[in-house]
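Q: have a look at this prediction, sequence included:
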Amino acid sequence: RKNDMFIQGEQLENSVKNKRKLMRVAPKVYPSIIERQRNTNFQHDRPIFYIPDYSSSFRSKSRPKYAIFFLRSNLPTNNTQPNGNFNQVMRGMNVHVGKGNKGCVAVRHRAAQMSALEDIDIFMEDGYVGLEGLPGSGGSIANVAIYGGLFGIDARVTQPTSLLTAVTLSNQNCAAIVYDGMFGQQTLVGVGMLVNVTTTSYTNIGVYVPGAGPPPLWPELCVLLPMNALPHVPPGASPTVKVTNTDSAGGGWLSFVDSIFLFPTANLGETKTANYAVEECAAVMTYTSVVFNSVYLFGCERLVAFVGVPISAMNYTQDVILKAIANEDKGFQAQQVVIGVGSDNTSVNPARDCLAFNTSHIYPSHIFSPKTSPTGFKIVNYTQLPSQASIPEDLRSKHIWDEYTAPSFQSPTAINVKQQGVVGDGLHDDTAALQVLLERKDKNPLILLFPPGTYLISRPLQLSNTIPTALVGVTHMISEISAAQNFTNTSNAPVPLLTTGTSRVWLHSLSISVKTNVVGNVYPLLWKSQDLESSWRHFRTSLNPEKWFEEVVTPFPQVVFAGSGRIQNWMNDEGCNGCGLKYRHMRITNSTSLSFYMVDPEHLESLAHIEVRDSSNITMYAFKGEANHPLVWVENADLKLYGFGGMTSADGLSNATQWPRSLFIISGDSNVTLFSLPSRAVCLNTSNPETWSTVFYQKEPLINHIKSKDGVTTPPLDYPILFTTA
């Protein structure tokens, strides 16, 4: 029912004759959610999309086709525009590709903001690729397994800073992942991954980043088709073309955390030849920078094999081969391995490389410590392990939810708020009715379901400090809690529309907004949960006020985190260009053990999109930025960031000339480690790129938003593979 914004999927083609169903779904602003229907007993069953054996449309590898294709379809032109392919979610089902379908790509899902694949298994009895394209730029993949196929994931075209969380890739014939940064310098982040290279592999390679070409001994079966040869583009749309530049060390950066690579133990102890041979295994084969943190490797000695490194690169990096193993049951933990492939600073021409939007250039990628200077390109720290029993039991599980117990709109104990006196029509004040429900003590946990609707609130809402509480909608696009125009705030300080309790909280598939017609001093959310298992998924805040808070003394936030938990896919692309220098998309203060699995701030003109202050153990696994103002300011706080990308600079601060022109600003007693910091250089035509850097650091606090004294900065256009205050 389009008028209700409830069902927006368009099935434009359904060819039963060829046993093929191509689903083209969703313009930019409408959600397309494909989700399993749970049975009453919550049994562990999933629906299956099935491609029968030898289906006529999928038989030819030279002419591959998609079984399920998510795209932004701007009818009637059919412009796919993946960077505007938002809110596309497939969750809780499986895909089974039968025998003889050598040209089948099970799922194509290159998408952005809030798009996701979750809780999905893809079984390839035969087939080309399990998943092509990846969500990034505020989207991600989580709890997905792909078994079989020539390639598990073909990510040669993907959105910036794609994130794979708790993804399993097993039994591929050629490679588990093929990745190329698409926009030049971008990072693919893998957290809690399992890559299982079995005896069916023709290459013994886990992850492959193509450089000057495929390894010479790979069989023809594993030679990748060029992207412009894929007949996937709808009529009238421009083809997607990707050409790998053989003299670029900027694309395809990799960062793996808490992950496992398994190989057949027959690989151990083999004689290594001068040229890379088929029988020589490697967790990663690449031509550019790569990072491992707490990564386990069994059955193979070679962590990284470098091929096709441009001769113009300053440092030709040798393969990373860990110490020979006497007992084939033993393996390694790569506690920290950091390899930067890049140039020295003298090869950078800021006037050219900053302003030329599509520059193909080898940027510096140093390991950088402000206590010294650029310190080199390599760190290799690892420990030998006796067996796979040494892998921590929660290495992967700590990063993901339980699919069958996590609250959702289908939870059998969920209370439908519209059946309890709440109206949700965008006209009535639902404050009193909702607060009564939030204070119920007869449910543990308390799960409140918000069907499609707009729920107006005129006073702050408070969640319980003692009873775990879940607020769940259908999707954040159509289930919305919103401040009423007459919202009441009796204090001068800004107040949150919703405050979580300190107990466990789940905020899923819902949004909280404050719109321009609201005159009260209010922002959407204060997160105070102290529970590590608290969860934010497919949840979004929105704030579009007038300039009334320009005179607020303290930085005005859209959302404040003052607690713990796991935050999935946090993003905000609201420019709020009139909000002033004190506004923040996000403020983290007095928090500990707070993990963000995707962070995507965009378009803000302020002193910082995100402020982290007086907090410890803050982790951001994947970070995509799109702005020409500073992204993160850290003061007296601990922060780790594992992968970065986007289109960014920090040269737009014409209204704050004394503020450091850097993407990351670190001050005070902060312990900050930033891995893999590439970015597609984007600068204003009037700017001088010599005046801005990736990281600014100084020991003293920044008082009153003014740089108190010169700090240490990374050189212009130097994108560190590692920056640390240690």
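A: Structure received.

Q: so where do the helices sit in the protein?
A: All helices of the chain, identified by DSSP state H, fall at 350-353, 431-438.

Q: helices or strands up against the last one?
A: In this case it means helix 431-438. Here helix 431-438 touches strand 446-450, strand 453-457, strand 461-462, going by 3 or more CB pairs under 8 Å, 6 or more residues apart in numbering; DSSP states H and E. Glycine gets a C-beta too; all of them are placed from N, C-alpha and C.

Q: for that helix, list the C-alpha coordinates in PDB.
A: Output in PDB follows, covering the C-alpha atoms of helix 431-438 (Å, rounded to 0.1, in the frame of the first residue of the first chain):
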ATOM      1  CA  THR A 431       3.300  10.800  25.600                       C
ATOM      2  CA  ALA A 432       1.100   9.700  28.500                       C
ATOM      3  CA  ALA A 433       0.100   6.400  26.900                       C
ATOM      4  CA  LEU A 434       3.700   5.500  26.000                       C
ATOM      5  CA  GLN A 435       5.100   6.400  29.500                       C
ATOM      6  CA  VAL A 436       2.500   4.100  31.100                       C
ATOM      7  CA  LEU A 437       3.700   1.200  28.900                       C
ATOM      8  CA  LEU A 438       7.400   2.000  29.600                       C
END
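
Q: tilt between it and strand 446-450?
A: 140 degrees (axes from the mean of the first three to the mean of the last three CA atoms, to 10 degrees).

Q: indicate which one of the helices and strands packed on helix 431-438 is closest to Ala111.
A: Of all the helices and strands packed on helix 431-438, strand 446-450 sits nearest to Ala111, with 24.5 Å by CB to CB.

Q: can you list the strands that the closest one pairs with?
A: strand 415-416 (parallel), strand 469-473 (parallel) (DSSP bridges).

Q: so can I have CSV of those strands showing mean neighbour count, distance to Val559 and mean pLDDT?
A: Shown next, in CSV, are those (neighbours: other CB atoms under 10 Å; distance: least, CB to CB, whole Å; pLDDT from 0 to 100):
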stretch, mean neighbour count, distance to Val559, mean pLDDT
strand 415-416, 14, 25, 96
strand 469-473, 26, 15, 96
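
Q: between those, which one is closest to Ala283.
A: That would be strand 469-473 among the strands paired with strand 446-450, by CB to CB, at 38.5 Å.

Q: can you lay out the helices and strands packed on helix 431-438 as a markdown table showing distance to Ala389, mean pLDDT and mean neighbour count?
A: Formatted as a markdown table, the helices and strands packed on helix 431-438 follow (distance: least, CB to CB, whole Å; pLDDT from 0 to 100; neighbours: other CB atoms under 10 Å):
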| stretch | distance to Ala389 | mean pLDDT | mean neighbour count |
| --- | --- | --- | --- |
| strand 446-450 | 38 | 96 | 23 |
| strand 453-457 | 50 | 95 | 23 |
| strand 461-462 | 46 | 96 | 18 |
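
Q: would CSV of those with distance to Pro660 be doable?
A: Output for the helices and strands packed on helix 431-438, formatted as CSV (distance: least, CB to CB, whole Å):
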stretch, distance to Pro660
strand 446-450, 42
strand 453-457, 39
strand 461-462, 38
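
Q: in TSV: the strands paired with strand 446-450, plus distance to Ala283.
A: Output for the strands paired with strand 446-450, formatted as TSV (distance: least, CB to CB, whole Å):
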stretch	distance to Ala283
strand 415-416	48
strand 469-473	39
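
Q: closest to Pro135 out of the ones you listed?
A: Closest among these, once you apply CB to CB, is strand 469-473, at 20.2 Å.

Q: now that closest one and strand 453-457, what's the angle there?
A: Using the same axes, to 10 degrees: strand 469-473 against strand 453-457 is 130 degrees.

Q: follow-up on the earlier one: so for Asp154, which of the strands paired with strand 446-450 sits nearest?
A: Going by CB to CB, the one of the strands paired with strand 446-450 nearest Asp154 is strand 469-473, 33.2 Å.

Q: got a list of contacts for the closest one?
A: 407-409, 411, 414, 438, 445-452, 463, 479-481, 500-501, 503-511 (CB atoms under 8 Å, 6 or more residues apart in numbering).

Q: can you do 7 Å?
A: 407-409, 414, 438, 445-450, 463, 479, 501, 505-510 (CB atoms under 7 Å, 6 or more residues apart in numbering).

Q: and those residues, which are buried?
A: 407-409, 414, 438, 445-450, 463, 479, 501, 505-510 (16 or more other CB atoms under 10 Å).

Q: low-confidence ranges in the stretch 551-700 of the chain?
A: Along the stretch 551-700 of the chain, the parts satisfying pLDDT under 70 run over 551-555, 575-578, 651-658, 679-692.

Q: all strands for the stretch 401-550 of the chain, in order.
A: 415-416, 425-429, 446-450, 453-457, 461-462, 469-473, 479-483, 495-499, 505-514, 522-527, 535-543 (DSSP state E, counting those that start in this stretch).

Q: also the stretch 1-150 of the chain?
A: 9-15, 20-25, 32-35, 48-51, 65-69, 88-97, 104-108, 116-124, 129-132, 140-148.

Q: average pLDDT for the first one, rounded please.
A: Per-residue pLDDT values across strand 9-15 average out to 32.

Q: let me see the contact set for His428.
A: Leu456 are the contacts of His428 under CB under 7 Å, 6+ apart.

Q: identify the residues contacting the closest residue to Ile457 other than its chain neighbours.
A: Counting by CB to CB, 6 or more residues apart in numbering, Ile457 lies nearest to Thr431, which is 5.0 Å off, once chain neighbours are set aside. Each residue near Thr431 by CB under 7 Å, 6+ apart is listed here: Ile457, Ser458, Arg459.
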